[in-house]
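Student: Prediction below, plus the sequence it came from.
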Amino acid sequence: MLYNITAATGNLGVKIVEEALKYIEPNNLVLTVRNPDKAAHFKQMGIGIKQANYRSEQALTAAFSGSDILIYIPSLTFPSVARIMEFENAIVAAEKTGIKQFIFIGFMADHGNNPFKMSPFFGYVQRRLASGTVPYTYIRNGMYSDPLPPYLPELARWGKILYPVADQKISFISRKDLAKAIVQIAIKESLHGKEYTLTGPKAWSMAELAELMSRISGSSIIYDPLTTEQFAELYDEPKGFGPVLVSLYEAAAKGLMGEVTEDFERITGEKAEDLSIYMEREYRGLS
């Protein structure tokens, strides 16, 4: 069985490759990447490296040829119409090459009424997979917990959490835990063909998150949200990104980012790591 992982040099992709190597021999792995130089250390381990850009159906077809299981991590291309075309190239390439299982790595902000400006992409993906000929598994990731520990020193200086999510909650999970579940799904045929929502064991209100961050950092941090307009202006780097980012927190304010499931435990046989444990360890590791 040949496993192909796209975007394998990205933050999540690297975690998936590292986890996959615990179960899969290097000669049964292929990484589809834009820049092979970034995957040189994986090549030295005996992993196959294929160069392809999501904008080229021809290149993706060549990269997927001979593969059985494809783990597709989409780009962060915006607007959605461009990202949709990237995905369309990938699914057509998968159809042409006879991929036996297309594992799509998505995001929980995919609801029909979700205001997140990148959400329309996921609406297309779900329907395109369902109406196509390639067997597939659809994964909805919770919010990454990984950016929180490096951000904590800045929040400690401000003494505030600024996310405009009102009194609603957000469900976090680390990339490492996501990789654990994704690899198990890939290697176990019994887990194929389903939809999974991968989250931590609980969702966190911003007041709870502020209390946790205060305890870990030793500084007083409160929840004092900006307005959506203020937040978009503050984080508008690169220019135009602010409205996209704040739309994610608008989704959270509508109660759309607080889902908690037991899918991770059902897949792996263990609970996802609690955010408090993850943050404390990672924050200590920064110093």
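Tutor: Perfect, I can see it now.

Student: Show me what counts as buried in the longest helix along the chain.
Tutor: Counting residues, the longest helix found in the chain (DSSP state H) is helix 80-97. The neighbour-count check on helix 80-97 (16 or more other C-beta atoms under 10 Å) flags 80, 83-84, 86-87, 89-91, 93-94, 97 as buried. Bear in mind the C-beta positions are built from the backbone N, C-alpha and C, glycine included.

Student: ok, and what's touching stretch 251-261?
Tutor: For stretch 251-261, the external contacting residues (C-beta atoms under 8 Å, 6 or more residues apart in numbering) are 108-109, 111, 113-116, 119, 142-143, 163-166, 168-171, 196-203, 248.

Student: Out of those residues, list just those in helices.
Tutor: Going by DSSP H, the helices hold 119, 248 from the contacts of stretch 251-261.

Student: buried subset of the contacts of stretch 251-261?
Tutor: The neighbour count (16+ other C-beta under 10 Å) marks 108-109, 111, 114-116, 119, 142-143, 163-165, 168-171, 196-201, 203, 248 as buried among the contacts of stretch 251-261.

Student: Please report how far the residue minimising distance to the centre of the chain lies from K239.
Tutor: In the chain, the C-alpha nearest the mean C-alpha coordinate belongs to N141, at 5.4 Å (C-alpha atoms, centre = their mean). Per C-beta to C-beta, to the nearest Å, N141 is found 27 Å from K239.

Student: Count the residues that sit near K160.
Tutor: Counted with other C-beta atoms under 10 Å, residues neighbouring K160 total 16.

Student: Which residues are in contact with it?
Tutor: For K160, the contact set (C-beta under 8 Å, 6+ apart) comprises 221-224.

Student: What residues are bridge-paired with it?
Tutor: Beta bridges link K160 to I222 when assigned by DSSP bridges.

Student: Just the element for the residue lying closest to G285 once chain neighbours are set aside, please.
Tutor: Distance criterion C-beta to C-beta, 6 or more residues apart in numbering; nearest residue to G285, sequence neighbours excluded, is P149 at 7.8 Å. Element membership for P149, per DSSP states H and E: helix 148-158.

Student: Would you mind listing the buried residues in that helix?
Tutor: Buried-residue list, helix 148-158, by 16+ other C-beta under 10 Å: 148-149, 152, 155-156.

Student: How about residues contacting that helix?
Tutor: Residues outside helix 148-158 that contact it (C-beta under 8 Å, 6+ apart): 161, 172, 213, 216-219, 221, 275, 278-279, 282-283, 285-286.

Student: If any of the residues you listed are buried, give me the ChimeraX selection for them.
Tutor: Applying 16+ other C-beta under 10 Å to those leaves a buried subset, and the ChimeraX line that selects it is:
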select :161,172,213,216,217,221,275,278,279,282,283
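
Student: Could you list which of the contacts of helix 148-158 belong to strands?
Tutor: Residues of these located in strands (DSSP state E): 161, 172.

Student: Out of the contacts of helix 148-158, flag the one nearest to F104.
Tutor: Closest approach between these and F104, by C-beta to C-beta: F172, at 21.0 Å.

Student: tell me which residues form a beta bridge with the closest one?
Tutor: According to DSSP bridges, the partner residues bridging F172 are M143.

Student: Next one, pLDDT for it please.
Tutor: Note on F172: pLDDT of 98.

Student: residue contacts, it?
Tutor: So F172 contacts 142-145, 148, 199-200, 204, 275 (C-beta under 8 Å, 6+ apart).

Student: do that again at 6 Å, thanks
Tutor: 143, 145, 200, 275 (C-beta atoms under 6 Å, 6 or more residues apart in numbering).

Student: got it, and S219?
Tutor: Residues near S219 by C-beta under 6 Å, 6+ apart: A156.

Student: How much space separates it from E154?
Tutor: Going from S219 to E154 by C-beta to C-beta gives 11 Å.
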